[in-house]
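**Student:** predicted model follows, preceded by the sequence.
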Amino acid sequence: MALAVALGNMFPLEAQGNRKQLRQLKQPLGIPARDLERFARMSPEERQEQLAKLPPERRQQLERRLERYQNLPPEQRDQLERRFEAFRSLPPPRQLAVRGELLNLRAMTPAERRVRLDSPEVRQYFSPDEQRLLRAAMGQGDVP
Amino acid sequence: MMCLEKDEILLDYCAGTLEPARAAEVREHIEGCADCRRLVEAQRNVWSALDRWTAVEVSPDFDARLYARIAREQAKPAWIEWLRPLWKPALPLAVACAVLVVGFLVRTPRAVDNSPQVRADKIDIEQVEKTLEDLDMLTPSSKL
């Protein structure tokens, strides 16, 4: 809840008259990332102070990503939260492996992704849960 | 293939200590393996950072000052040496007291900060960035 409200403060949608988006924002996000929640709850001045620690390009990317999550519909947000929890519950070496595979998959066409996800390499190297996570992050099904 | 088990070979490869034939084999493997490629890139970054690093120079009279200090220590009055054994029993007692104090502090409930604003120094902006990156990576068709 706090994150959603804070995000609302960051992007003054009321001033833009976008009440539908504002209602979405005030619903709980519940992402289990303490620093992100804390960041979102900061005052604009504190937030700027933190963002100033990053080079301009990374700062802009961070702001774009925040805005992207601000605009996610609640259902997609819930799904994303489940995927995030599943990902963060993996041991660090497996997180590294999944991250690498996701980067590979992202560079592929949809057809290539399907082939890759069904390939013996992926089946051998990734556990069923990890494979489910890979597919979910590629928009094929979701984690339970 | 469990590539993460090959860390040692990859480190040797980065250090350039592998036999040419083995190095060629590893190079070929890396081209098709994102995990290993990432590890090699990370290792190369480390080498590159080390190449750029210059050791802090010590002052020209460092040795002379060090030896002078050692000499001063050795020249302390004998009565200081006689007192030293008397302090020895006090050390375990001091450690025990310190442990008790730390234990007391850890177990004492602290006031909870319920204020809506969070101090800027409590977050790590790079963690925020990392969380958003992970969330983005797990979002299907994410382009950010």
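**Tutor:** Received the coordinates, thanks. No experiment lies behind these values; they were computed from the predicted model shown.
**Student:** number of nearby residues for residue A:59?
**Tutor:** Residue A:59 sits with 17 neighbouring residues when counted by other CB atoms under 10 Å in any protein chain shown. Yep, even glycine has a C-beta here, placed from its N, CA and C like the rest.
**Student:** ok, now residue B:59?
**Tutor:** The burial count assigned to residue B:59 is 8, neighbours taken as other CB under 10 Å.
**Student:** show me what contacts it?
**Tutor:** residue B:65 (CB atoms under 8 Å, 6 or more residues apart in numbering or on different chains).
**Student:** measure it to residue B:124 for me?
**Tutor:** If you measure residue B:59 against residue B:124 using CB to CB, to the nearest Å, the figure is 36 Å.
**Student:** let me see the ranges of the helices in the chain.
**Tutor:** Reading this off chain A. Chain-ordered helices for chain A, with DSSP state H as the definition, fall at A:2-10, A:13-16, A:19-25, A:34-41, A:44-51, A:56-70, A:74-88, A:92-106, A:110-117, A:120-125, A:128-137.
**Student:** chain B was what I was after
**Tutor:** Using DSSP H, the helices found in chain B span residues B:7-15, B:20-31, B:34-52, B:62-74, B:78-87, B:90-107, B:125-137.
**Student:** now do the second one: distance to the chain's middle.
**Tutor:** Centroid displacement of helix B:20-31 relative to its chain, using CA atoms, centre = their mean, to the nearest Å, is 31 Å.
**Student:** how near is residue A:91 to residue A:127?
**Tutor:** In terms of CB to CB, residue A:91 sits 11 Å off from residue A:127.
**Student:** which residues of the chain score low on pLDDT?
**Tutor:** Unless you meant another one, I'm taking chain A. Scanning chain A for pLDDT under 70 picks out A:1-33.
**Student:** that's the wrong chain, I wanted chain B
**Tutor:** Checking chain B against pLDDT under 70 turns up B:1-6, B:85-89, B:91, B:106-122, B:141-144.
**Student:** now it against chain A: closest residue?
**Tutor:** Relative to chain A, the nearest point of chain B is residue B:140 (3.2 Å; CB to the nearest CB).
**Student:** what is the neighbour count of that residue?
**Tutor:** 15.
**Student:** cool, and residue A:74?
**Tutor:** Using other CB under 10 Å, the number of residues around residue A:74 comes to 13.
**Student:** look up how far residue A:144 lies from it.
**Tutor:** Applying CB to CB to residue A:74 and residue A:144 gives a distance of 19 Å.
**Student:** now swap in residue A:98 and tell me
**Tutor:** Relative to residue A:144, residue A:98 is positioned 17 Å away (criterion: CB to CB).
**Student:** repeat that for residue A:71.
**Tutor:** 26 Å.
**Student:** neighbour count for these two, which is higher?
**Tutor:** Per other CB under 10 Å, whichever of residue A:71 and residue A:144 has more neighbours is residue A:71, with 14 against 8.
**Student:** where does the more buried one fall, phi/psi-wise?
**Tutor:** Phi and psi for residue A:71, reported as degrees, to the nearest 10, are phi -90, psi 0.
**Student:** how about the residue of chain B closest to chain A, nearest residue that isn't a chain neighbour?
**Tutor:** Leaving aside its sequence neighbours, residue B:140 sits nearest to residue A:139 (CB to CB, 6 or more residues apart in numbering or on different chains; 3.2 Å).
**Student:** on that earlier part again, mean neighbour count and distance to chain A added to the helices of chain B, as a markdown table?
**Tutor:** Putting the helices of chain B into a markdown table (neighbours: other CB atoms under 10 Å in any protein chain shown; distance: least, CB to the nearest CB, whole Å) gives the following:
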| stretch | mean neighbour count | distance to chain A |
| --- | --- | --- |
| helix B:7-15 | 16 | 10 |
| helix B:20-31 | 13 | 12 |
| helix B:34-52 | 14 | 4 |
| helix B:62-74 | 10 | 36 |
| helix B:78-87 | 8 | 45 |
| helix B:90-107 | 9 | 20 |
| helix B:125-137 | 19 | 4 |
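**Student:** tabulate those helices in JSON lines, adding columns for distance to residue A:110.
**Tutor:** Putting those into JSON lines (distance: least, CB to CB, whole Å) gives the following:
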{"stretch": "helix B:7-15", "distance to residue A:110": "32"}
{"stretch": "helix B:20-31", "distance to residue A:110": "24"}
{"stretch": "helix B:34-52", "distance to residue A:110": "19"}
{"stretch": "helix B:62-74", "distance to residue A:110": "64"}
{"stretch": "helix B:78-87", "distance to residue A:110": "74"}
{"stretch": "helix B:90-107", "distance to residue A:110": "53"}
{"stretch": "helix B:125-137", "distance to residue A:110": "17"}
